[in-house]
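Asker: got a predicted structure plus its sequence, pasted below:
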Amino acid sequence: MSAAPRTPLWPGIAAAALVTAFAVAFMWAENEWEVIGVLAAAVVATLVARRTGWLAPAARAFEMREPAMNRVALAALLVFVGFFHDDHFPLLMVGTVLIYFTVCLGLTIQFGYAGVVNFAAAAFLGTGCYTAAVLAAHSALPHLALIAIGGAIAALVGSILILPVLRTRGHYAAVVTIAFGLLFKTFLEVNDTLGGPQGLKLPSMTLLGMKFNDNFSVGGVEFSFYMHYVLAALGLAVLAFAVTRRLERSWIGVSLDAIRLDETASACFGIHIARWKIVAFTLGNFMAGAAGALYALMLGFIAPTSFTFGDSLVMVSIVLLGGIGNPWGAALAAAIVVVLPEKLQLIQEYRFLLYAVMVILVLLYRPEGLLPRPLRSYLPGWRPR
Amino acid sequence: MDAGLLAQFVANGLMLGMMYALVAVGFTLFFGVLDVIKFSHGDVLTVGAFTGYSVYLGLKLLGAANPWLQVAAVILVACAAMGLLGALIARYLVMPLKSAPPLNVLLVTLMLGTVLRESVRLFYPDGANPKRFPRLLPTDAVALGDFNLRLDSVLLFLGGLAVIVAIHMLINRSKLGLAIRAVAQDEETARTMGINFSLVVLVTFALGSAAAAFAGVMNGLYYNEINFGMGLWLGVIGFSAAIVGGLGNIYGAILGGFLFAALQTVGAVALPFASAYKDVFAFAVVIAIMAWRPTGLIAEKSSERV
């Protein structure tokens, strides 16, 4: 082994601490001008850091010391959540970001790695939501199981699409998922047993006798009831992240990349294209469905208007903005896309317009996204000389 | 089922089919010349319908009350404006991305569609609410038993038919059409033969977008209502129709448009207990057709170069 010194960890830790401090300041900002001020400060700081080259050591720390940095990021998130432990609104938002993040990890596997387009992410999220709602109302299944069942049902529903998705390519495959997304929402709106346009209500989630919709206190510190859901969503997101990362690094990930880049060539090398496309598609839908089940339990109320084609497009935008194939990028973009319009009520009305313009600009001028996917590193710590 | 009601369904289906075919023809034209999907097509239709509505309001303000003059002005201005918009989109969004992955073009135009749709919703006066489109054509009706054949429907249908025939003649009988077909077949050879590639592309996009504007105005005149979301729905249906028919084939697009309308109508008739599911049924059949014939009913002629 080489005696090269290990990449220092502290730039990564410093970056995580700064981002956390910024996030806390952003959440704390009360009026529009404070929010805009904090945002401007962040943009300027990022640009300055890029100019002076201070960003590079942090990026290298993330790349080279991944297990340690994963823990740092997790700790940073927990610190952030700790700051707002008795505040409903920020916690609800963190939960939503984590749910979106999980769905986008599924999309990353689907079209970031395997190149299978999916313009119906919101429909698979919705499948999970409605599965959880129906089962919570009509069965005594433990609520934790609902999350797994929601994912399984979404994967099952997705399997209807496998044949058309496998046989078609490019534009033709896109129309299959778009048609499914529209079909799904129309179906929900006209189906009375699923509540029609009024949607469905869900009971409070319970786990081992613990009611998730009650505030609680530990050691005299009051916690918002949303803390339960945030921790559950965090668990789910961490699980999905671990799966995505391991999948990417494994030989399966190499096969998926090969299929995306050139189907004919990878078939010549003996890669079973259909098999890996099915695996990627199903796994992605499972993640979306599982996230959906938890989302429904967290919100306590679901309606078809949350699962429109526009929402599917928002999820695709997250993956693109963040940088196709980079889970960290998806996390960053999910946070921006979900939180920004909530904090800046000024732009709430214009958010779809702004996302659309943002994605057009990204595609025209920076097609690799905010955080481009780094080169695959086969050995931890290995760097081309 | 009695004959009158059946005739009503058929008439309605034909009308829908004509609108879908007009939209689908645009998709197939764009795909023919540039091998791209321009997904903002449906929202161009919306903008066209709103342009037509604005022209009507403007004429009313000016005191031009002759309905024929109004119809002519509404259609002409809407088609011309959308033709220009289509050419601009082609010039500044689609052509720069010619060598990018097809998915990127699809996404850019999807997002452009969102921009157009949201702009209509946010910036058109009271754009979030449906608008009452005026009845400009004579509404005299011929009663055949239970079946009311309205003159305006007949006129609209004939108008749509005229547009489709005109596009067909233009593509197959004119020098410009020859250039369009040449570019669609082989861009490089067409260039070496002295065809102005960019001009042909811009004209094709203008043509398709004008057809969409016509469909939008037609939709407004038929249903007497327009809203900012109408284009998304019509665009997706038109796209499905073009795909089901086989991209790049103008007859396939027309076939697909009428097929989709037939599916919706059959869905409404055959599922009387649940006619609300007619769109679900139609899209399910589209997915099934895609599984059965992955490149449409009239298959796209292509082989892969490795």
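Answerer: In hand now; what should we look at? Small disclaimer: the values here were computed from a predicted structure and weren't measured. Numbering: from 1, shown residues only, chains lettered A, B, ... in the order given.

Asker: spatially nearest residue to B:A213 (excluding sequence neighbours)?
Answerer: B:G48 (3.0 Å; C-beta to C-beta, 6 or more residues apart in numbering or on different chains). Just so you know, the C-beta spots here come from the backbone N, C-alpha and C atoms, and that holds for glycine as well.

Asker: I'd like to know which elements the helix or strand harbouring that neighbour is packed against.
Answerer: Assigned by DSSP states H and E, B:G48 belongs to helix B:41-62. Using 3 or more C-beta pairs under 8 Å, 6 or more residues apart in numbering or on different chains; DSSP states H and E as the contact criterion, the neighbours of helix B:41-62 among helices and strands are helix B:3-34, helix B:67-89, helix B:102-123, helix B:197-223, strand B:225-226, helix B:230-245.

Asker: and among those, the most buried is which?
Answerer: Greatest average neighbour count among the helices and strands packed on helix B:41-62 goes to helix B:230-245 (a mean of 27), per mean count of other C-beta atoms under 10 Å in any protein chain shown.

Asker: direction included, what does the helix or strand of chain B with the lowest mean pLDDT pair against?
Answerer: For chain B, the helix or strand with the lowest mean confidence is strand B:141-144, at a mean of 73 (criterion: mean pLDDT, DSSP states H and E). Strand pairing for strand B:141-144, determined by DSSP bridges: strand B:147-150 (antiparallel).

Asker: how about the partner strand: buried residues?
Answerer: Of all the residues in strand B:147-150, those buried under the rule 16 or more other C-beta atoms under 10 Å in any protein chain shown are B:F147, B:R150.

Asker: residues in contact with that strand?
Answerer: Residues outside strand B:147-150 that contact it (C-beta atoms under 8 Å, 6 or more residues apart in numbering or on different chains) are B:A3, B:G4, B:L5, B:A7, B:Q8, B:A11, B:T139, B:D140, B:A141, B:V142, B:A143.

Asker: how about those, which pair is most distant?
Answerer: Distances among the contacts of strand B:147-150 were taken as C-beta to C-beta; the most separated pair is B:A3 and B:T139, at 22.9 Å.

Asker: who in the stretch 1-150 of chain B is up against chain A?
Answerer: The stretch 1-150 of chain B comes close to chain A at residues B:31, B:37, B:93, B:96-97, B:100, B:102-104, B:106-108, B:110-112, B:114-115, B:118-119, B:122, as judged by C-beta under 8 Å from any C-beta of the partner chain.

Asker: show me what from the stretch 1-150 of chain A comes close to chain B.
Answerer: Where proximity means C-beta under 8 Å from any C-beta, the interface of the stretch 1-150 of chain A facing chain B comprises A:F111, A:V117.

Asker: most proximal residue of the stretch 1-150 of chain A with respect to chain B?
Answerer: A:V117 (6.5 Å; C-beta to the nearest C-beta).

Asker: need the CA coordinates for the helix or strand containing A:V94. PDB is fine.
Answerer: Secondary-structure assignment from DSSP H and E places A:V94 in helix A:88-107. Written as PDB, here are the backbone C-alpha positions of helix A:88-107 (Å, rounded to 0.1, in the frame of the first residue of the first chain):
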ATOM      1  CA  HIS A  88     -43.800  22.100  14.000                       C
ATOM      2  CA  PHE A  89     -43.200  23.900  10.700                       C
ATOM      3  CA  PRO A  90     -39.400  23.400  10.200                       C
ATOM      4  CA  LEU A  91     -39.700  19.700  11.200                       C
ATOM      5  CA  LEU A  92     -42.500  19.100   8.800                       C
ATOM      6  CA  MET A  93     -40.400  20.600   6.100                       C
ATOM      7  CA  VAL A  94     -37.300  18.500   7.000                       C
ATOM      8  CA  GLY A  95     -39.600  15.400   6.900                       C
ATOM      9  CA  THR A  96     -40.900  16.400   3.400                       C
ATOM     10  CA  VAL A  97     -37.400  17.100   2.100                       C
ATOM     11  CA  LEU A  98     -36.300  13.600   3.300                       C
ATOM     12  CA  ILE A  99     -39.300  12.000   1.700                       C
ATOM     13  CA  TYR A 100     -38.600  13.800  -1.600                       C
ATOM     14  CA  PHE A 101     -35.000  12.800  -1.300                       C
ATOM     15  CA  THR A 102     -35.900   9.200  -1.000                       C
ATOM     16  CA  VAL A 103     -38.100   9.300  -4.100                       C
ATOM     17  CA  CYS A 104     -35.300  11.100  -6.000                       C
ATOM     18  CA  LEU A 105     -32.900   8.400  -5.000                       C
ATOM     19  CA  GLY A 106     -35.300   5.900  -6.600                       C
ATOM     20  CA  LEU A 107     -35.300   8.100  -9.700                       C
END
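
Asker: mind listing what the residue sitting nearest the centre point of chain A touches?
Answerer: With the centre of chain A defined as its mean C-alpha position, the nearest residue by C-alpha atoms, centre = their mean is A:F101, 1.4 Å away. Applying C-beta under 8 Å, 6+ apart, one finds that A:F101 lies in contact with A:A237, A:A240, A:A330, A:A331, A:A334.

Asker: not counting residues beside it along the chain, what's closest to it?
Answerer: A:A334 (4.5 Å).

Asker: quick one, helices of the stretch 51-200 of chain A?
Answerer: Counting by DSSP state H, counting those that start in this stretch, the stretch 51-200 of chain A has these helices, from start to end: A:55-64, A:66-83, A:88-107, A:121-138, A:143-167, A:170-190.

Asker: which strands or helices does the first one pack on?
Answerer: For helix A:55-64, the packing partners by 3+ C-beta pairs under 8 Å, 6+ apart come out as helix A:10-28.

Asker: CA atoms only: put the helix it packs on into CSV for me.
Answerer: Coordinates of each C-alpha in helix A:10-28 appear next as CSV, following Å, rounded to 0.1, in the frame of the first residue of the first chain:
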residue,chain,number,x,y,z
TRP,A,10,-11.6,18.8,8.7
PRO,A,11,-12.5,20.7,5.5
GLY,A,12,-15.5,18.4,5.1
ILE,A,13,-16.5,18.9,8.7
ALA,A,14,-16.1,22.7,8.4
ALA,A,15,-18.2,22.7,5.2
ALA,A,16,-21.0,20.6,6.9
ALA,A,17,-20.9,23.0,10.0
LEU,A,18,-21.2,26.0,7.7
VAL,A,19,-24.1,24.5,5.8
THR,A,20,-25.8,23.6,9.0
ALA,A,21,-25.3,27.1,10.4
PHE,A,22,-26.7,28.6,7.2
ALA,A,23,-29.7,26.2,7.2
VAL,A,24,-30.5,27.2,10.8
ALA,A,25,-30.2,30.9,10.0
PHE,A,26,-32.4,30.4,6.9
MET,A,27,-35.1,28.7,9.0
TRP,A,28,-34.9,31.3,11.6
